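S.K.: The following comprises the amino acid sequence and a computationally predicted model.
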Amino acid sequence: MVLLMIFTDKYSVFLSKNGYVGPNDCKPRDFLNRRINMLQSLFIINQSSEICLEKHWTKNISKAVCDTFFDAVTKYAAGDVPPVLETPSNSLIHILRNNLYFLAVCANEISPLLVIEFLDCVNSIIEDYFGLATETSVKENVVLIYEILDEMLDGGFPLATESNILKEIVRPPNFLQSLTDAVTGKNTIVGSTLPINQLSNIRWRRSGVNYTNNETYFDLIEKIDAIIDRSGYVISKEIYGSVECLGNYLELRSHIGFSNHRLIDDAYLHPCIRSHDGKEKNLSFIHP
C-alpha cells in the first residue's frame, strides 16, 4: 500500500510502509500531465445532434469524439441516455437542459458528479445572462459565451463560477453599449481589471456594494409532492422547502427554530453560510 508520493523534476517516487519502492517503480511525471486537466472540451448539442457550440481548453479535439454520444442518443430516449459514457481514451459526461445537451470530454479518472455540477453551473450562468439556455440564445451569443467559458475555467479546472463575479469580468449584453463599441471601435464587454472579491472568501457577492437602508426580506417556499388514490388517501408524500433571502445588510445573523426538527432532512446550505449551530438552529451568513 502506497503511503507517500514524492515528486521530483522528472520522476515520481512511491514510498510504502516498507520504505523506498525502487527505481523500477519511479514513473516519469509525464504520466501525470495527461490527467491534470479536469475538463478538456465542452460541446453544446441540440436534439438533432447538431453542435451549437464547442470549446476546447487543452487542445482541439476532433468532433468524432462525440460519435459514441450520438450513438447513445439514437439508442435511448432523450431523458434515458446514460450520463457517463466511456471511451478508450476519454469519458463523455453530459446533462440535458431545455432540449440541449451539455457534453463534457474529460479524462477517464475523474469524479462524474464534479463535472455534472459544473455543467449545471454553465447552464445556470447562460440563463442568468440571456434569460433561458436555448438553442437560439446559444447561437446568437456564441462569442460572449466563449468569453464566459474562458473565465470560468483555467487549464480545465473551475476558477470563477459565481454569476456576480463573472458579470464584473464579462459584462452582460447591452444594446446601447454594443452600439457605442461599434462606433468607437472599442471592446468593453470584457473588463480590464480583476474583481476584488474573485479570490476572496466571499466570492458570491459583488464588490463595492453599498445600501442606504438596512432591511432584509425572507421568502419561505414549500413544494408538496404527493400521490393520492381515488379514495383520497395519501399513498406517499414529500415536502420540499427553501428559504430565500434578499437583504441590504453586509452581515446578518439569523435565528431559525423548528418545533419538530425531525421533519428536516437532507438540508443543503448555500456557501454563504459562515457557521451554523445544529442545536440552537443559528445561522450566520453574508448573503449574495
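M.R.: Nice, thanks for sending it over. Since this is a predicted model, take the numbers as computed values, not measurements. Numbers count the residues shown, from 1 in each chain.
S.K.: Pull the residues that contact stretch 231-246.
M.R.: Stretch 231-246 has contacts (Cβ atoms under 8 Å, 6 or more residues apart in numbering) with 216-229, 252, 254, 256, 263, 285, 287. Placement of C-beta: from N, CA and C, glycine included.
S.K.: So for that stretch, what gets flagged as buried?
M.R.: Neighbour counts over stretch 231-246 (16 or more other Cβ atoms under 10 Å) mark residue 245 as buried.
S.K.: Walk me through the domains of the protein.
M.R.: 2-33, 39-161, 216-285 (automatic domain parsing).
S.K.: Would you tell me which one of the ones you listed is buried the most?
M.R.: domain 39-161 (a mean of 16; mean count of other Cβ atoms under 10 Å).
S.K.: could the domains of the chain be laid out in TSV, adding mean pLDDT and distance to residue 170?
M.R.: Shown next, in TSV, are the domains of the chain (pLDDT from 0 to 100; distance: least, Cβ to Cβ, whole Å):
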stretch	mean pLDDT	distance to residue 170
domain 2-33	39	29
domain 39-161	89	5
domain 216-285	74	21
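S.K.: With distance to residue 173 as added columns, please give those in a markdown table.
M.R.: Output for the domains of the chain, formatted as a markdown table (distance: least, Cβ to Cβ, whole Å):
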| stretch | distance to residue 173 |
| --- | --- |
| domain 2-33 | 38 |
| domain 39-161 | 6 |
| domain 216-285 | 25 |
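S.K.: To residue 172, which of those lies closest?
M.R.: When the domains of the chain are compared by Cβ to Cβ, domain 39-161 sits nearest residue 172, at 5.4 Å.
S.K.: Now do the end-to-end distance for the closest one.
M.R.: End-to-end span of domain 39-161 (Cα to Cα, to the nearest Å): 14 Å.
S.K.: now stretch 84-95
M.R.: One end of stretch 84-95 sits 9 Å from the other (Cα to Cα).
S.K.: Strands of the stretch 151-288 of the chain, residue ranges please.
M.R.: Taking DSSP state E, counting those that start in this stretch as the test, the strands found in the stretch 151-288 of the chain are 153-154, 157-158, 216-228, 234-247, 252-255, 273-277, 282-285.
S.K.: Could you dump the ones you listed into JSON lines with distance to residue 137 added?
M.R.: Putting the strands of the stretch 151-288 of the chain into JSON lines (distance: least, Cβ to Cβ, whole Å) gives the following:
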{"stretch": "strand 153-154", "distance to residue 137": "21"}
{"stretch": "strand 157-158", "distance to residue 137": "22"}
{"stretch": "strand 216-228", "distance to residue 137": "26"}
{"stretch": "strand 234-247", "distance to residue 137": "25"}
{"stretch": "strand 252-255", "distance to residue 137": "35"}
{"stretch": "strand 273-277", "distance to residue 137": "32"}
{"stretch": "strand 282-285", "distance to residue 137": "32"}
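S.K.: can you tell me which of the ones you listed comes nearest to residue 110?
M.R.: Of all these, it is strand 157-158 that lies closest to residue 110, at 11.0 Å by Cβ to Cβ.
S.K.: Alpha carbons only: can I get stretch 70-82 in PDB?
M.R.: Provided in PDB are the C-alpha atoms of stretch 70-82 (Å, rounded to 0.1, in the frame of the first residue of the first chain):
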ATOM      1  CA  PHE A  70     -24.500  10.300 -30.900                       C
ATOM      2  CA  ASP A  71     -24.900   6.500 -31.000                       C
ATOM      3  CA  ALA A  72     -26.300   6.600 -27.400                       C
ATOM      4  CA  VAL A  73     -28.800   9.400 -28.300                       C
ATOM      5  CA  THR A  74     -30.200   7.300 -31.200                       C
ATOM      6  CA  LYS A  75     -30.300   4.200 -29.000                       C
ATOM      7  CA  TYR A  76     -32.100   5.700 -25.900                       C
ATOM      8  CA  ALA A  77     -34.900   8.100 -25.400                       C
ATOM      9  CA  ALA A  78     -34.000  11.800 -24.700                       C
ATOM     10  CA  GLY A  79     -34.000  11.500 -21.000                       C
ATOM     11  CA  ASP A  80     -32.600   8.000 -20.700                       C
ATOM     12  CA  VAL A  81     -29.200   8.500 -22.200                       C
ATOM     13  CA  PRO A  82     -26.600   7.400 -19.600                       C
END
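S.K.: residues touching the nearest residue to residue 134 once chain neighbours are set aside, list them.
M.R.: Distance criterion Cβ to Cβ, 6 or more residues apart in numbering; nearest residue to residue 134, sequence neighbours excluded, is residue 98 at 5.6 Å. Contact analysis of residue 98 by Cβ under 8 Å, 6+ apart lists 123, 132, 133, 134.
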